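**Student:** Predicted model and sequence below, questions to follow.
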Amino acid sequence: MYKKVIIQRFLTTSLTAVAALSVTPAKAQISLTGQLRPRLEVRDGFANLTPETASPASFVSQRTRLNFGYKWDKVNFGVTLQDVRVWGQDASTISPADGNKLMLHEGWAELILADKTDSTQKFKILDFLSFKVGRQELIYDDARLIGNLDWLQQGRRFDMALIKALHHGWQVDMGYAYNQNTENSSGTAYTPGNVPATVKTDRGILVSTPSGIIPLTSANGNSSATGNPSYANPANTNAGNQNYKSFVSLYASKKINQTKLSFLAFKDNFSKYRPVSVVTDADNDGITDGTIYGRVYDVKGTNDRYTFGGMLSSAIKNVTIQGAYYHQLGEDRDGKKLNAFHASVLASYTKGKFSFGPGFDVLSGNKTTTLASDSKRFDPLYGTPHKFWGYMDYFYAPTGSPASGLKDYYFKTKYTTTKYYVSADLHRFDSNHSLAASTKKHLAHELDLVLNYSLNRFTNIELGYSAMMATSALSQAKGQDISIDYDRSPSFGYLMLNIRPDFLFKTRG
(Lines give C-alpha, C1' and ligand atoms only; values in the text may rest on other atoms or scores of the structure.)
Protein backbone atom coordinates (compact mmCIF):
# COMPACT_ATOMS: atom_id res chain seq x y z
CA MET A 1 0.00 0.00 0.00
CA TYR A 2 2.84 2.37 0.91
CA LYS A 3 4.61 1.65 -2.39
CA LYS A 4 1.37 2.30 -4.29
CA VAL A 5 0.98 5.73 -2.67
CA ILE A 6 4.61 6.63 -3.45
CA ILE A 7 4.17 5.65 -7.11
CA GLN A 8 0.94 7.64 -7.40
CA ARG A 9 2.60 10.73 -5.89
CA PHE A 10 5.57 10.36 -8.20
CA LEU A 11 3.38 10.14 -11.31
CA THR A 12 1.20 13.06 -10.20
CA THR A 13 4.26 15.23 -9.49
CA SER A 14 5.88 14.32 -12.81
CA LEU A 15 2.78 15.09 -14.89
CA THR A 16 2.25 18.35 -13.01
CA ALA A 17 5.85 19.37 -13.70
CA VAL A 18 5.52 18.56 -17.40
CA ALA A 19 2.26 20.49 -17.65
CA ALA A 20 3.69 23.48 -15.80
CA LEU A 21 6.73 23.53 -18.04
CA SER A 22 4.52 23.58 -21.14
CA VAL A 23 2.27 26.46 -20.04
CA THR A 24 4.36 28.77 -17.90
CA PRO A 25 6.24 31.75 -19.35
CA ALA A 26 9.49 29.78 -18.99
CA LYS A 27 11.52 29.54 -22.16
CA ALA A 28 11.39 25.73 -22.36
CA GLN A 29 8.27 24.03 -23.69
CA ILE A 30 7.29 20.38 -23.96
CA SER A 31 4.73 18.92 -26.35
CA LEU A 32 3.28 15.41 -26.39
CA THR A 33 0.92 14.40 -29.18
CA GLY A 34 -0.12 11.21 -30.90
CA GLN A 35 -1.81 9.77 -33.95
CA LEU A 36 -3.94 6.71 -34.59
CA ARG A 37 -4.86 6.30 -38.28
CA PRO A 38 -6.60 3.08 -39.33
CA ARG A 39 -7.58 2.92 -43.01
CA LEU A 40 -9.85 0.41 -44.71
CA GLU A 41 -8.99 -0.01 -48.40
CA VAL A 42 -10.82 -1.88 -51.15
CA ARG A 43 -8.59 -2.30 -54.18
CA ASP A 44 -9.90 -3.48 -57.53
CA GLY A 45 -7.03 -2.56 -59.83
CA PHE A 46 -5.08 -0.17 -57.59
CA ALA A 47 -1.68 0.99 -58.96
CA ASN A 48 -1.65 -1.64 -61.75
CA LEU A 49 -4.33 -3.15 -63.96
CA THR A 50 -5.44 -6.60 -62.84
CA PRO A 51 -6.73 -9.50 -64.98
CA GLU A 52 -10.48 -9.59 -65.58
CA THR A 53 -10.67 -12.80 -63.53
CA ALA A 54 -8.99 -11.27 -60.46
CA SER A 55 -10.99 -10.58 -57.29
CA PRO A 56 -10.86 -7.25 -55.39
CA ALA A 57 -8.59 -7.01 -52.34
CA SER A 58 -9.51 -5.46 -49.00
CA PHE A 59 -7.60 -4.86 -45.78
CA VAL A 60 -7.16 -2.45 -42.88
CA SER A 61 -3.77 -0.86 -42.25
CA GLN A 62 -2.94 1.25 -39.22
CA ARG A 63 -0.39 3.89 -38.32
CA THR A 64 0.25 4.64 -34.64
CA ARG A 65 2.55 7.51 -33.67
CA LEU A 66 3.72 9.14 -30.45
CA ASN A 67 5.37 12.54 -30.92
CA PHE A 68 7.52 14.18 -28.25
CA GLY A 69 8.91 17.69 -28.64
CA TYR A 70 11.12 19.93 -26.54
CA LYS A 71 11.71 23.58 -27.38
CA TRP A 72 14.17 25.96 -25.76
CA ASP A 73 16.00 29.11 -26.85
CA LYS A 74 19.14 27.22 -27.79
CA VAL A 75 17.93 23.69 -28.63
CA ASN A 76 14.87 22.04 -30.19
CA PHE A 77 14.40 18.30 -29.91
CA GLY A 78 11.90 15.92 -31.52
CA VAL A 79 11.18 12.20 -31.40
CA THR A 80 8.41 10.32 -33.24
CA LEU A 81 7.82 6.65 -32.49
CA GLN A 82 5.83 4.84 -35.15
CA ASP A 83 4.20 1.45 -35.59
CA VAL A 84 2.71 0.46 -38.98
CA ARG A 85 0.92 -2.82 -39.60
CA VAL A 86 -2.02 -4.49 -41.31
CA TRP A 87 -4.78 -5.75 -39.05
CA GLY A 88 -4.29 -9.50 -38.61
CA GLN A 89 -0.68 -9.38 -39.82
CA ASP A 90 0.30 -10.80 -36.45
CA ALA A 91 -1.44 -13.53 -34.54
CA SER A 92 -3.27 -12.39 -31.41
CA THR A 93 -0.38 -13.88 -29.42
CA ILE A 94 3.04 -13.56 -30.99
CA SER A 95 6.51 -14.78 -30.08
CA PRO A 96 9.78 -12.81 -30.12
CA ALA A 97 10.61 -14.59 -33.39
CA ASP A 98 7.86 -12.63 -35.14
CA GLY A 99 9.98 -9.49 -34.93
CA ASN A 100 9.42 -5.93 -33.78
CA LYS A 101 7.50 -3.55 -36.04
CA LEU A 102 8.02 -0.53 -33.82
CA MET A 103 10.37 1.96 -35.46
CA LEU A 104 11.76 5.45 -35.08
CA HIS A 105 10.10 7.73 -37.65
CA GLU A 106 11.86 10.86 -36.39
CA GLY A 107 14.66 11.52 -33.95
CA TRP A 108 16.42 14.84 -34.29
CA ALA A 109 17.92 17.79 -32.47
CA GLU A 110 18.15 21.38 -33.72
CA LEU A 111 20.78 23.74 -32.37
CA ILE A 112 19.75 27.42 -32.57
CA LEU A 113 22.91 29.30 -33.61
CA ALA A 114 21.33 32.70 -34.24
CA ASP A 115 17.96 34.28 -33.43
CA LYS A 116 17.42 38.05 -33.50
CA THR A 117 14.32 37.69 -31.33
CA ASP A 118 16.47 36.25 -28.53
CA SER A 119 18.36 38.95 -26.61
CA THR A 120 20.81 36.37 -25.22
CA GLN A 121 22.07 35.42 -28.69
CA LYS A 122 25.25 37.28 -29.60
CA PHE A 123 25.37 36.25 -33.27
CA LYS A 124 23.24 38.85 -35.10
CA ILE A 125 24.43 38.67 -38.71
CA LEU A 126 21.40 36.56 -39.74
CA ASP A 127 17.81 36.76 -38.54
CA PHE A 128 17.86 33.02 -37.77
CA LEU A 129 20.37 30.19 -38.15
CA SER A 130 20.14 26.61 -36.95
CA PHE A 131 21.73 23.19 -37.38
CA LYS A 132 19.33 20.23 -37.38
CA VAL A 133 20.71 16.69 -37.33
CA GLY A 134 19.16 13.23 -37.16
CA ARG A 135 16.18 11.41 -38.64
CA GLN A 136 13.72 14.05 -39.84
CA GLU A 137 10.95 14.85 -42.30
CA LEU A 138 11.71 17.23 -45.16
CA ILE A 139 9.03 19.17 -47.05
CA TYR A 140 9.58 21.88 -49.67
CA ASP A 141 6.93 23.91 -51.50
CA ASP A 142 3.97 21.68 -52.49
CA ALA A 143 5.95 18.45 -51.80
CA ARG A 144 6.17 17.82 -55.55
CA LEU A 145 9.82 16.72 -55.40
CA ILE A 146 10.66 16.67 -51.68
CA GLY A 147 8.03 15.65 -49.12
CA ASN A 148 7.09 13.39 -46.22
CA LEU A 149 4.74 11.18 -48.29
CA ASP A 150 2.12 11.29 -45.57
CA TRP A 151 -0.46 9.25 -47.53
CA LEU A 152 1.63 6.10 -47.05
CA GLN A 153 1.19 4.78 -43.54
CA GLN A 154 4.97 4.45 -43.12
CA GLY A 155 5.59 7.98 -44.46
CA ARG A 156 9.10 9.12 -45.38
CA ARG A 157 12.00 10.46 -43.39
CA PHE A 158 15.65 11.28 -44.07
CA ASP A 159 18.77 10.54 -41.99
CA MET A 160 20.62 13.79 -42.58
CA ALA A 161 22.12 17.05 -41.38
CA LEU A 162 20.44 20.35 -42.27
CA ILE A 163 21.53 23.99 -41.98
CA LYS A 164 18.55 26.39 -41.96
CA ALA A 165 18.90 30.14 -42.42
CA LEU A 166 16.34 32.98 -42.51
CA HIS A 167 17.20 36.58 -43.36
CA HIS A 168 15.08 39.50 -44.59
CA GLY A 169 12.37 37.19 -45.91
CA TRP A 170 14.75 34.71 -47.53
CA GLN A 171 14.87 31.04 -46.53
CA VAL A 172 17.99 29.04 -47.40
CA ASP A 173 18.40 25.35 -46.44
CA MET A 174 21.48 23.21 -47.09
CA GLY A 175 21.27 19.47 -46.45
CA TYR A 176 23.57 16.46 -46.53
CA ALA A 177 22.88 12.74 -46.15
CA TYR A 178 25.20 9.73 -46.24
CA ASN A 179 23.94 6.15 -46.04
CA GLN A 180 25.60 2.95 -44.92
CA ASN A 181 24.25 -0.52 -44.08
CA THR A 182 26.25 -1.09 -40.91
CA GLU A 183 29.37 -0.12 -38.98
CA ASN A 184 31.92 -1.35 -41.51
CA SER A 185 35.49 -2.24 -40.66
CA SER A 186 36.59 -1.35 -44.19
CA GLY A 187 35.11 -0.08 -47.40
CA THR A 188 31.94 1.89 -48.09
CA ALA A 189 29.92 -0.58 -50.19
CA TYR A 190 26.20 0.07 -49.71
CA THR A 191 23.33 -2.27 -50.62
CA PRO A 192 20.57 0.27 -51.29
CA GLY A 193 17.33 -1.72 -51.24
CA ASN A 194 14.64 -3.15 -49.03
CA VAL A 195 15.63 -6.73 -49.86
CA PRO A 196 12.82 -9.31 -49.55
CA ALA A 197 13.49 -12.43 -47.47
CA THR A 198 12.23 -14.67 -50.28
CA VAL A 199 12.09 -14.43 -54.05
CA LYS A 200 10.73 -16.52 -56.91
CA THR A 201 13.18 -18.00 -59.37
CA ASP A 202 12.66 -17.61 -63.10
CA ARG A 203 10.68 -20.87 -62.87
CA GLY A 204 8.32 -19.44 -60.23
CA ILE A 205 9.68 -21.45 -57.30
CA LEU A 206 9.88 -19.54 -53.99
CA VAL A 207 13.34 -19.66 -52.38
CA SER A 208 15.35 -17.63 -49.86
CA THR A 209 17.02 -14.54 -51.30
CA PRO A 210 20.79 -15.07 -51.61
CA SER A 211 22.81 -12.90 -49.24
CA GLY A 212 23.96 -9.54 -50.60
CA ILE A 213 21.76 -9.63 -53.71
CA ILE A 214 18.92 -7.34 -54.67
CA PRO A 215 16.75 -9.54 -56.93
CA LEU A 216 15.15 -8.40 -60.17
CA THR A 217 11.50 -9.37 -60.57
CA SER A 218 9.47 -9.25 -63.77
CA ALA A 219 5.82 -8.27 -64.05
CA ASN A 220 4.66 -11.84 -63.30
CA GLY A 221 6.63 -11.94 -60.04
CA ASN A 222 9.35 -14.30 -61.23
CA SER A 223 13.04 -13.45 -61.24
CA SER A 224 14.06 -12.02 -64.58
CA ALA A 225 17.09 -10.42 -66.17
CA THR A 226 14.81 -8.26 -68.34
CA GLY A 227 11.31 -6.83 -68.23
CA ASN A 228 9.99 -4.37 -65.67
CA PRO A 229 11.94 -5.21 -62.47
CA SER A 230 10.14 -4.24 -59.30
CA TYR A 231 13.38 -3.70 -57.41
CA ALA A 232 15.28 -1.79 -60.08
CA ASN A 233 12.89 0.39 -62.04
CA PRO A 234 14.76 3.69 -62.48
CA ALA A 235 11.53 5.69 -62.71
CA ASN A 236 10.23 4.42 -59.37
CA THR A 237 10.41 7.32 -56.96
CA ASN A 238 10.32 7.38 -53.13
CA ALA A 239 13.54 5.34 -52.96
CA GLY A 240 11.27 2.31 -53.13
CA ASN A 241 13.69 0.22 -55.14
CA GLN A 242 17.10 1.82 -54.73
CA ASN A 243 17.94 4.21 -51.95
CA TYR A 244 20.57 6.88 -52.51
CA LYS A 245 24.10 6.47 -51.20
CA SER A 246 24.28 10.18 -50.40
CA PHE A 247 22.79 13.51 -51.37
CA VAL A 248 23.52 17.23 -51.16
CA SER A 249 20.64 19.69 -51.34
CA LEU A 250 20.15 23.45 -51.58
CA TYR A 251 16.76 25.12 -51.26
CA ALA A 252 16.12 28.85 -51.36
CA SER A 253 12.86 30.81 -51.34
CA LYS A 254 11.68 34.39 -51.06
CA LYS A 255 8.13 35.58 -50.41
CA ILE A 256 7.00 39.08 -51.35
CA ASN A 257 3.42 39.82 -50.37
CA GLN A 258 1.35 37.07 -52.07
CA THR A 259 4.12 35.92 -54.41
CA LYS A 260 6.66 33.20 -53.61
CA LEU A 261 9.70 32.25 -55.67
CA SER A 262 11.71 29.14 -54.80
CA PHE A 263 14.74 27.31 -56.17
CA LEU A 264 15.89 23.71 -55.59
CA ALA A 265 19.22 22.09 -56.44
CA PHE A 266 19.53 18.42 -55.49
CA LYS A 267 22.41 16.03 -56.18
CA ASP A 268 21.81 12.40 -55.22
CA ASN A 269 24.34 9.63 -55.78
CA PHE A 270 23.61 5.92 -56.32
CA SER A 271 25.91 2.98 -55.73
CA LYS A 272 27.19 1.25 -58.84
CA TYR A 273 26.47 -2.45 -59.25
CA ARG A 274 27.22 -5.55 -61.28
CA PRO A 275 24.61 -8.02 -62.54
CA VAL A 276 24.68 -11.55 -61.12
CA SER A 277 22.73 -14.78 -61.60
CA VAL A 278 22.51 -17.55 -59.02
CA VAL A 279 21.32 -21.08 -59.78
CA THR A 280 19.53 -22.51 -56.73
CA ASP A 281 18.70 -25.94 -55.38
CA ALA A 282 16.89 -25.10 -52.16
CA ASP A 283 15.89 -28.66 -51.23
CA ASN A 284 19.26 -30.19 -52.19
CA ASP A 285 17.65 -32.87 -54.34
CA GLY A 286 20.11 -32.37 -57.18
CA ILE A 287 17.48 -30.67 -59.36
CA THR A 288 17.79 -26.92 -59.77
CA ASP A 289 14.85 -24.74 -58.74
CA GLY A 290 15.78 -22.14 -61.32
CA THR A 291 17.85 -18.97 -61.55
CA ILE A 292 17.73 -15.78 -59.51
CA TYR A 293 18.81 -12.67 -61.37
CA GLY A 294 19.93 -9.71 -59.34
CA ARG A 295 22.48 -7.05 -58.58
CA VAL A 296 25.41 -6.82 -56.20
CA TYR A 297 26.43 -3.30 -55.18
CA ASP A 298 30.14 -3.80 -54.58
CA VAL A 299 31.50 -1.72 -57.48
CA LYS A 300 33.47 1.38 -56.51
CA GLY A 301 32.04 4.77 -57.40
CA THR A 302 28.55 6.22 -57.77
CA ASN A 303 26.16 7.32 -60.49
CA ASP A 304 25.51 11.00 -59.85
CA ARG A 305 22.19 12.69 -60.68
CA TYR A 306 21.61 16.46 -60.68
CA THR A 307 18.14 18.01 -60.37
CA PHE A 308 17.61 21.75 -60.41
CA GLY A 309 14.76 24.15 -61.07
CA GLY A 310 12.25 26.42 -59.44
CA MET A 311 8.65 27.26 -58.68
CA LEU A 312 6.72 30.53 -58.82
CA SER A 313 3.33 30.98 -57.19
CA SER A 314 1.23 34.12 -56.89
CA ALA A 315 -2.21 35.00 -55.58
CA ILE A 316 -4.10 37.93 -57.12
CA LYS A 317 -7.42 38.51 -55.40
CA ASN A 318 -9.36 35.24 -55.87
CA VAL A 319 -6.95 33.67 -58.36
CA THR A 320 -3.85 31.62 -57.54
CA ILE A 321 -1.38 30.76 -60.31
CA GLN A 322 1.57 28.39 -59.96
CA GLY A 323 4.25 27.31 -62.40
CA ALA A 324 7.31 25.10 -62.01
CA TYR A 325 10.14 23.70 -64.11
CA TYR A 326 12.84 21.18 -63.13
CA HIS A 327 15.62 19.58 -65.14
CA GLN A 328 17.74 16.47 -64.54
CA LEU A 329 21.25 15.83 -65.82
CA GLY A 330 24.13 13.50 -65.03
CA GLU A 331 23.42 9.78 -64.69
CA ASP A 332 20.37 7.84 -63.63
CA ARG A 333 20.50 5.03 -61.06
CA ASP A 334 21.66 2.57 -63.72
CA GLY A 335 24.43 4.81 -65.01
CA LYS A 336 22.65 5.90 -68.20
CA LYS A 337 23.31 9.41 -69.48
CA LEU A 338 20.39 11.48 -68.20
CA ASN A 339 18.68 14.49 -69.75
CA ALA A 340 15.09 14.92 -68.54
CA PHE A 341 12.61 17.60 -67.46
CA HIS A 342 9.35 18.20 -65.61
CA ALA A 343 7.07 21.21 -66.08
CA SER A 344 3.77 22.10 -64.47
CA VAL A 345 1.27 24.95 -64.44
CA LEU A 346 -2.02 25.35 -62.59
CA ALA A 347 -4.62 27.98 -61.78
CA SER A 348 -7.24 28.07 -59.05
CA TYR A 349 -10.17 30.39 -58.50
CA THR A 350 -11.72 30.75 -55.04
CA LYS A 351 -15.17 32.15 -54.40
CA GLY A 352 -16.38 31.83 -50.83
CA LYS A 353 -16.28 28.15 -49.85
CA PHE A 354 -15.79 26.94 -53.43
CA SER A 355 -12.52 26.65 -55.38
CA PHE A 356 -11.75 25.16 -58.78
CA GLY A 357 -9.21 25.29 -61.56
CA PRO A 358 -7.30 23.47 -64.30
CA GLY A 359 -3.71 22.28 -64.43
CA PHE A 360 -1.19 20.51 -66.63
CA ASP A 361 1.91 18.43 -65.83
CA VAL A 362 4.41 16.94 -68.24
CA LEU A 363 7.25 14.58 -67.29
CA SER A 364 9.68 13.66 -70.05
CA GLY A 365 10.34 10.10 -71.13
CA ASN A 366 12.14 7.99 -73.69
CA LYS A 367 11.30 7.98 -77.37
CA THR A 368 11.40 4.78 -79.38
CA THR A 369 14.64 6.14 -80.91
CA THR A 370 16.33 6.89 -77.57
CA LEU A 371 19.66 5.05 -77.28
CA ALA A 372 19.91 2.24 -74.73
CA SER A 373 22.77 4.12 -73.06
CA ASP A 374 20.65 7.27 -72.62
CA SER A 375 17.62 8.15 -70.51
CA LYS A 376 15.05 10.92 -70.92
CA ARG A 377 12.90 9.71 -68.01
CA PHE A 378 12.32 12.30 -65.31
CA ASP A 379 12.21 10.93 -61.76
CA PRO A 380 10.28 13.19 -59.34
CA LEU A 381 12.79 12.46 -56.58
CA TYR A 382 11.27 11.97 -53.12
CA GLY A 383 7.98 13.77 -53.53
CA THR A 384 4.33 12.79 -53.14
CA PRO A 385 3.01 11.14 -56.34
CA HIS A 386 -0.33 10.34 -54.68
CA LYS A 387 -1.02 14.07 -54.33
CA PHE A 388 -0.46 14.94 -57.99
CA TRP A 389 -0.89 12.05 -60.43
CA GLY A 390 -4.10 10.40 -59.31
CA TYR A 391 -5.12 8.77 -56.03
CA MET A 392 -4.92 5.31 -57.62
CA ASP A 393 -1.10 5.60 -57.71
CA TYR A 394 -0.51 4.38 -61.26
CA PHE A 395 2.30 6.83 -61.97
CA TYR A 396 5.65 7.49 -60.24
CA ALA A 397 4.60 5.43 -57.24
CA PRO A 398 6.24 2.11 -56.23
CA THR A 399 4.73 0.24 -59.22
CA GLY A 400 6.69 2.36 -61.66
CA SER A 401 5.74 4.72 -64.47
CA PRO A 402 5.72 4.86 -68.27
CA ALA A 403 9.18 4.81 -69.82
CA SER A 404 7.75 7.18 -72.43
CA GLY A 405 6.90 9.87 -69.85
CA LEU A 406 3.56 11.31 -68.83
CA LYS A 407 1.16 14.15 -69.59
CA ASP A 408 -1.53 14.90 -67.02
CA TYR A 409 -4.40 17.26 -67.88
CA TYR A 410 -6.55 17.80 -64.80
CA PHE A 411 -9.36 19.87 -63.30
CA LYS A 412 -9.79 20.09 -59.53
CA THR A 413 -12.73 21.32 -57.47
CA LYS A 414 -13.19 21.68 -53.71
CA TYR A 415 -15.94 22.87 -51.37
CA THR A 416 -14.78 23.69 -47.83
CA THR A 417 -16.67 24.53 -44.62
CA THR A 418 -15.58 24.65 -40.99
CA LYS A 419 -16.71 21.03 -40.46
CA TYR A 420 -16.02 19.28 -43.75
CA TYR A 421 -14.70 19.51 -47.28
CA VAL A 422 -15.61 17.72 -50.51
CA SER A 423 -13.22 17.47 -53.47
CA ALA A 424 -13.51 16.07 -56.99
CA ASP A 425 -10.50 15.77 -59.33
CA LEU A 426 -10.63 14.66 -62.96
CA HIS A 427 -7.42 13.56 -64.74
CA ARG A 428 -6.61 12.68 -68.33
CA PHE A 429 -3.33 10.74 -68.59
CA ASP A 430 -1.40 10.51 -71.86
CA SER A 431 2.01 9.14 -72.68
CA ASN A 432 4.47 11.91 -73.51
CA HIS A 433 5.81 9.88 -76.47
CA SER A 434 4.46 7.07 -78.60
CA LEU A 435 4.83 3.56 -77.22
CA ALA A 436 6.95 0.96 -78.98
CA ALA A 437 4.10 -1.29 -80.16
CA SER A 438 1.30 1.27 -80.41
CA THR A 439 0.56 4.65 -81.90
CA LYS A 440 -1.80 5.41 -79.00
CA LYS A 441 -0.73 7.98 -76.45
CA HIS A 442 -3.92 8.18 -74.39
CA LEU A 443 -3.63 6.00 -71.27
CA ALA A 444 -6.62 6.65 -69.03
CA HIS A 445 -9.13 9.00 -67.40
CA GLU A 446 -9.38 9.00 -63.61
CA LEU A 447 -11.93 10.54 -61.23
CA ASP A 448 -11.01 11.03 -57.54
CA LEU A 449 -13.70 11.90 -54.96
CA VAL A 450 -12.98 12.70 -51.28
CA LEU A 451 -15.20 13.64 -48.34
CA ASN A 452 -13.44 14.72 -45.13
CA TYR A 453 -15.45 15.48 -41.97
CA SER A 454 -14.17 16.83 -38.63
CA LEU A 455 -15.76 14.97 -35.72
CA ASN A 456 -14.03 17.05 -33.05
CA ARG A 457 -10.88 19.05 -32.39
CA PHE A 458 -8.62 15.99 -32.70
CA THR A 459 -10.55 13.63 -34.99
CA ASN A 460 -11.64 13.54 -38.60
CA ILE A 461 -12.98 10.85 -40.87
CA GLU A 462 -12.27 10.62 -44.59
CA LEU A 463 -14.06 8.69 -47.32
CA GLY A 464 -12.55 8.39 -50.78
CA TYR A 465 -13.48 6.73 -54.06
CA SER A 466 -11.57 6.63 -57.35
CA ALA A 467 -12.53 5.17 -60.72
CA MET A 468 -10.49 4.84 -63.90
CA MET A 469 -11.28 4.23 -67.55
CA ALA A 470 -8.10 2.82 -69.08
CA THR A 471 -7.07 2.08 -72.64
CA SER A 472 -5.10 -0.90 -73.93
CA ALA A 473 -2.00 1.31 -73.96
CA LEU A 474 -1.86 1.60 -70.16
CA SER A 475 -0.75 -1.96 -69.46
CA GLN A 476 1.93 -1.66 -72.12
CA ALA A 477 3.10 1.67 -70.72
CA LYS A 478 3.36 0.11 -67.24
CA GLY A 479 5.44 -2.82 -68.55
CA GLN A 480 2.75 -5.44 -67.94
CA ASP A 481 2.21 -8.58 -70.01
CA ILE A 482 0.10 -7.30 -72.93
CA SER A 483 -1.14 -10.82 -73.76
CA ILE A 484 -3.38 -10.80 -70.65
CA ASP A 485 -6.94 -9.49 -70.74
CA TYR A 486 -7.02 -6.74 -68.11
CA ASP A 487 -9.96 -5.08 -66.42
CA ARG A 488 -9.85 -1.58 -67.90
CA SER A 489 -12.32 -0.13 -65.38
CA PRO A 490 -10.42 -0.39 -62.09
CA SER A 491 -11.63 1.30 -58.91
CA PHE A 492 -10.37 2.09 -55.43
CA GLY A 493 -12.13 3.08 -52.23
CA TYR A 494 -11.07 3.81 -48.66
CA LEU A 495 -12.43 4.86 -45.29
CA MET A 496 -9.90 6.46 -42.92
CA LEU A 497 -10.18 7.60 -39.32
CA ASN A 498 -7.51 10.07 -38.21
CA ILE A 499 -7.20 10.74 -34.46
CA ARG A 500 -4.46 13.19 -33.40
CA PRO A 501 -4.73 13.89 -29.65
CA ASP A 502 -2.77 16.56 -27.82
CA PHE A 503 -2.14 14.94 -24.44
CA LEU A 504 -1.46 18.29 -22.74
CA PHE A 505 -4.43 20.12 -24.24
CA LYS A 506 -6.69 20.05 -21.16
CA THR A 507 -3.90 21.32 -18.98
CA ARG A 508 -3.24 24.16 -21.39
CA GLY A 509 -6.90 25.08 -21.59
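**Tutor:** Okay, I see it. Since we're looking at a predicted model, the values are computed, not measured. Residues are numbered from 1 along each chain as shown.

**Student:** Dihedrals phi and psi, the most centrally placed residue in the chain?
**Tutor:** The centre of the chain sits closest to Leu149, judged by CA atoms, centre = their mean, with a distance of 3.5 Å. The phi/psi pair for Leu149 (degrees, to the nearest 10) reads phi 50, psi 50.

**Student:** Return the residues in contact with it.
**Tutor:** Contacts for Leu149 (CB atoms under 8 Å, 6 or more residues apart in numbering) come out as 143, 155-156, 238, 382-384, 386. Using the backbone N, CA and C atoms, a C-beta is placed for each residue, glycine as well.

**Student:** what about 6 Å?
**Tutor:** Contact analysis of Leu149 by CB atoms under 6 Å, 6 or more residues apart in numbering lists 155-156, 384.

**Student:** Kindly report the same for Leu381.
**Tutor:** With CB under 6 Å, 6+ apart, Leu381 has these contacts: Leu145.

**Student:** Skip the chain neighbours and tell me the closest residue to Lys124.
**Tutor:** Nearest non-adjacent residue to Lys124, counting by CB to CB, 6 or more residues apart in numbering: Lys116, 6.2 Å away.

**Student:** What ranges in this structure fall below the confidence cut-off?
**Tutor:** Scanning the chain for pLDDT under 70 picks out 1-27, 91-101, 194, 219-220, 226-241, 437-439, 507-509.

**Student:** again, only this time at 50
**Tutor:** 1-7, 10-11, 13-15, 17-18, 20-25, 94-99, 227-235, 237, 508-509 (pLDDT under 50).

**Student:** if we can go back for a sec, could you report the distance from the residue nearest to the centre of the chain to Tyr178?
**Tutor:** 21 Å (CB to CB, to the nearest Å).

**Student:** Then Gly212?
**Tutor:** Counting by CB to CB - Gly212 and Tyr178 are separated by 21 Å.

**Student:** What of Thr80?
**Tutor:** Counting by CB to CB, the gap from Thr80 to Tyr178 is 22 Å.

**Student:** For those two, indicate the residue with more neighbours.
**Tutor:** Thr80 (23 against 15; other CB atoms under 10 Å).

**Student:** correct me, but the more buried one touches Leu66?
**Tutor:** No - the criterion here is CB atoms under 6 Å, and Thr80 misses it with Leu66 at 7.2 Å.

**Student:** contact partners of stretch 306-314?
**Tutor:** 141, 259-263, 265-267, 321-330.

**Student:** Weed out the non-buried ones from these.
**Tutor:** 141, 260, 262, 266-267, 322, 324, 326-328 (16 or more other CB atoms under 10 Å).

**Student:** got the residues you listed as TSV, with distance to Leu338 and secondary structure columns?
**Tutor:** Shown next, in TSV, are those (distance: CB to CB, whole Å; DSSP: H, G, I helix; E, B strand; the rest coil):
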residue	distance to Leu338	secondary structure
Asp141	23	coil
Lys260	29	strand
Ser262	23	strand
Phe266	13	strand
Lys267	12	strand
Gln322	26	strand
Ala324	19	strand
Tyr326	13	strand
His327	10	strand
Gln328	6	strand
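
**Student:** Tell me the one of those residues nearest Ser355?
**Tutor:** When the buried ones among the contacts of stretch 306-314 are compared for distance to Ser355 (CB to CB), Gln322 wins out at 13.4 Å.

**Student:** With adjacent residues omitted, what lies nearest to the closest one?
**Tutor:** Going by CB to CB, 6+ apart, Gln322 has Ser313 as its nearest residue, at 4.1 Å.

**Student:** Next, count neighbours for that neighbour.
**Tutor:** 18.

**Student:** before we move on, the earlier item: any chance of the contacts of Leu149 in CSV, plus neighbour count and distance to Ser271?
**Tutor:** Shown next, in CSV, are those (neighbours: other CB atoms under 10 Å; distance: CB to CB, whole Å):
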residue, neighbour count, distance to Ser271
Gly155, 18, 24
Arg156, 20, 20
Thr384, 25, 25
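
**Student:** how near is the closest residue to Phe158 other than its chain neighbours to Asp334?
**Tutor:** With sequence-adjacent residues excluded and distances taken as CB to CB, 6+ apart, Phe158 is closest to Leu138, at 5.3 Å. Per CB to CB, Leu138 is found 25 Å from Asp334.

**Student:** what about these two, which has more around it?
**Tutor:** Leu138 (20 against 17).

**Student:** ok, the more buried one touching Asp159?
**Tutor:** No - with contacts counted by CB under 6 Å, Leu138 stays clear of Asp159, the gap being 10.9 Å.
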